[in-house]
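> Next come a sequence and a model predicted from it.
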Amino acid sequence: MKGFVIKIEVELKENIVSEYKILVKNKQREQFIELLMKFYKSGARINERDELGAKCFLLKGNLSYKEIQEIKSKYNLSW
């Protein structure tokens, strides 16, 4: 399997949380990142986790403290 398995939780305004487990194939990665970016920019509350449960952002894990703080500030997210 060549791709990235991601678990996404999306919180809607009505405090309803939907959970999805998605296989993003390598050739679809950039398109999926663009889609996630649109959701973040719209203010959607998204929780991305890799298949081991580690937090990630736009399919990128192992972020530095500085990167996490920038993401939190730019997109008004809690980590």
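Happy to help now that I have it. Numbering: from 1, shown residues only.

> ok, the residue most central in space within the chain - contacts?
By CA atoms, centre = their mean, the chain has its centre lying nearest to residue 48, at 3.5 Å. Residue 48 makes contact with 6, 7, 8, 36, 55, 56, 57, 58, 59, according to CB atoms under 8 Å, 6 or more residues apart in numbering. (Each C-beta comes from the backbone N, C-alpha and C, glycine too.)

> Now do the strands in the protein.
Here the chain has its strands, by DSSP state E, at 3-11, 17-25, 45-50, 55-56.

> Just name whatever secondary elements the longest helix along the chain is in contact with.
As assigned by DSSP state H, the longest helix anywhere in the chain is helix 29-41. Counting contacts by 3 or more CB pairs under 8 Å, 6 or more residues apart in numbering; DSSP states H and E, helix 29-41 packs against strand 3-11, strand 45-50.
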